[in-house]
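> Got a predicted structure plus its sequence, pasted below:
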Amino acid sequence: MSVVEIIHHDEVIYTILDKPPPEPPKTPRYESKLEKELKEAKRPQLRRTFGYAETPLKPPTQFLKKGEGIGQPIKETDHKCYVSGNLPPVPKRPPPGKKQEKPTTNFRLINIKKATKTKGKPVEPRLVDTRDGHIKKIKGSGEVPEYCLRPDFGQMPAYLTKRNRRIQKAIEKMKYAEDNKESLCKLISAEDRQKLLDDLKHNWSLMQKAFLQLPMLTDTIPKILRKTKLEAELRQLEKDIALVESNPYIYIYE
């Protein structure tokens with residue numbers, strides 16, 4: 001059995017344990033340079049109040065006098081006028097003895113001639129319909145016939161005349177087109193007829209080959225339908241071939 005000798009009695013348990021790791025240093029806080037400059041440039045405004053309790057009035061002697069108001073500012077420009085030696089000469093003043101001659105026209109005589117030649121204003125016909133002298137104009141009153149005396153009374157209006165003229169031109173144009181219309185029936189040449197016959201026979205041979213390749217047993221509906229369709233097309237092709245062969249002249253309509 002071992003014996004532990006304790007010499008120093010100032011030991012503490014907290015000093016024996018391992019110390020926790022130190023905390024990492026914090027990143028420096030962002031500080032605006034402009035804020036510092038503004039704080040340094042800011043001047044303290046002392047004795048700031050809410051204003052006067054009552055607005056002080058000016059004495060009557062301090063009224064606004066003429067020329068003391070706020071006027072428009074004078075515009076200052078950098079323009080400078082440089083005088084050169086190439087300016088035109090100053091016009092000379094006319095001599096004081098000569099005056100401008102007045103016209104010798106006799107305006108009185110001209111006015112008299114105009115007055116004698118002018119015609120008087122025609123008197124508008126009026127109607128007095130009461131004993132008190134009430135006057136009303138005859139024109140537009142309905143007492144005298146006016147509408148039937150107009151120069152265009154009983155004539156066809158201009159818009160109807162234009163419309164009838166337009167319709168007549170369209171009818172004449174249609175009639176001219178019908179008279180000079182080419183015939184729709186056209187005779188095809190012998191080469192085109194032979195080519196048509198060859199194409200019909202070629203189609204018949206292709207369809208006959210497809211018909212012969214059909215199965216012998218037609219036990220389903222699709223087979224029956226295909227067979228009947230091919231038979232009908234072959235029959236129609238045979239009719240067309242017989243029609244082209246029997247007619248040497250063939251006309252077509254365009």
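Received, thanks.
> All the strands of the stretch 101-250 of the chain, residue numbers only.
Per DSSP state E, counting those that start in this stretch, the stretch 101-250 of the chain carries strands over the ranges 126-128, 135-137, 185-187.
> can you give me the helices for the stretch 101-250 of the chain?
107-117, 158-179, 190-212, 221-246 (DSSP state H, counting those that start in this stretch).
> before we move on, back to that, put together a markdown table for the strands of the stretch 101-250 of the chain, with distance to Leu160 on each row.
C-betas here are computed from N, CA, C, even on glycine. Listed next are those as a markdown table, based on distance: least, Cβ to Cβ, whole Å:
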| stretch | distance to Leu160 |
| --- | --- |
| strand 126-128 | 36 |
| strand 135-137 | 33 |
| strand 185-187 | 42 |
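> Quick one: closest of these to Ile224.
Minimum separation from Ile224 across these (Cβ to Cβ) falls at strand 185-187, 42.0 Å.
> Against which helices or strands is the closest one packed?
Contacts defined by 3 or more Cβ pairs under 8 Å, 6 or more residues apart in numbering; DSSP states H and E place strand 185-187 against strand 251-253.
> Residues contacting the strand it packs on, please?
With contacts defined as Cβ atoms under 8 Å, 6 or more residues apart in numbering, strand 251-253 is touched by 184-188.
> Show me which of the residues you listed is closest to Lys114.
Leu184 (79.8 Å).
> okay, now that closest one: neighbour count?
By other Cβ atoms under 10 Å, the residues close to Leu184 number 9.
> Mean pLDDT lowest where, among the strands of the stretch 101-250 of the chain?
Among these, strand 185-187 carries the lowest mean pLDDT, a mean of 81.
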